[in-house]
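Colleague: got a structure for you, letters missing:
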């Protein structure tokens, strides 16, 4: 076990304002920080921590053709072409009805948010981070996926994350898991007949979609460290495994 109690970072590289959004939780699931920043900001924060478990909402490796090899044995035609552009973990999530982006086999074909994720993994590894699980390391990093996490926590595919319904749902799921976020049910206490007629909604009580994605990643990092028996790995180690905050995926979401 690490010598020092870690903090738990969830990092989302798909924010529109800055390159990254990151959330930090302590051992009691209190939110220590929730911010947008560039890679230097994330690295600076991590450098100041004696022990850290980081979960990143981005692929940790390119696909190595494992799905293509699998589909060549099982399918023909268009299925093979599609399969070539995803990793085994993404293929398995899709097989359970969870819609996720596929990871290309070369860097130049990857969208910018994936390339940002790759650069962050490399920086953390140069700083001495070990890939989870590494029980004797004070600095560990893992890959997760926010949409897949929320599917498992809700037991269904959640509402679209930009919508008020989707934000309410995600925030409530975190709150019910013990994360010290605002209870999203307070949103309804602020709604009056007058406000509804004027189209005034208390959205300031809800976290932004990218903040919710970073928070669920931080929660997954916390769970992986504190209650590893409650998480699952999906995919092949050669391409990078995704860590999820439930023991098993159900058949379909």
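Modeller: Received it, and whenever you're ready, just let me know what you need. If you're wondering where the values come from, they're calculated on a predicted model, not measured in any experiment.

Colleague: Can you show me the helices along the stretch 151-253 of the chain?
Modeller: 164-176, 186-189, 193-198, 209-226 (DSSP state H, counting those that start in this stretch).

Colleague: what about the helices in the stretch 1-150 of the chain?
Modeller: Using DSSP H, counting those that start in this stretch, helices in the stretch 1-150 of the chain cover 39-47, 66-74, 78-83, 88-95, 112-126, 146-154.

Colleague: and the second one, which residues are buried?
Modeller: Counting neighbours by 16 or more other CB atoms under 10 Å, one finds that the buried residues in helix 66-74 are 66, 67, 68, 71. Any C-beta I mention is one placed from the backbone N, CA and C, and that applies to glycine too.

Colleague: sorry, back to before: how about the helices of the stretch 151-253 of the chain, which one is nearest residue 104?
Modeller: helix 209-226 (21.6 Å; CB to CB).

Colleague: count of residues packed around residue 172?
Modeller: 17 (other CB atoms under 10 Å).

Colleague: so how far is residue 243 from it?
Modeller: According to CB to CB, to the nearest Å, residue 172 and residue 243 sit 22 Å apart.

Colleague: now swap in residue 116 and tell me
Modeller: In terms of CB to CB, residue 116 sits 20 Å off from residue 243.

Colleague: Please say which of the two ends up with more neighbours.
Modeller: Taking neighbours as other CB under 10 Å, residue 116 and residue 243 compare with residue 243 leading, 25 against 21.

Colleague: That one reaches residue 140, doesn't it?
Modeller: No. Residue 243 is beyond contact range of residue 140, at 10.7 Å (criterion: CB atoms under 8 Å).
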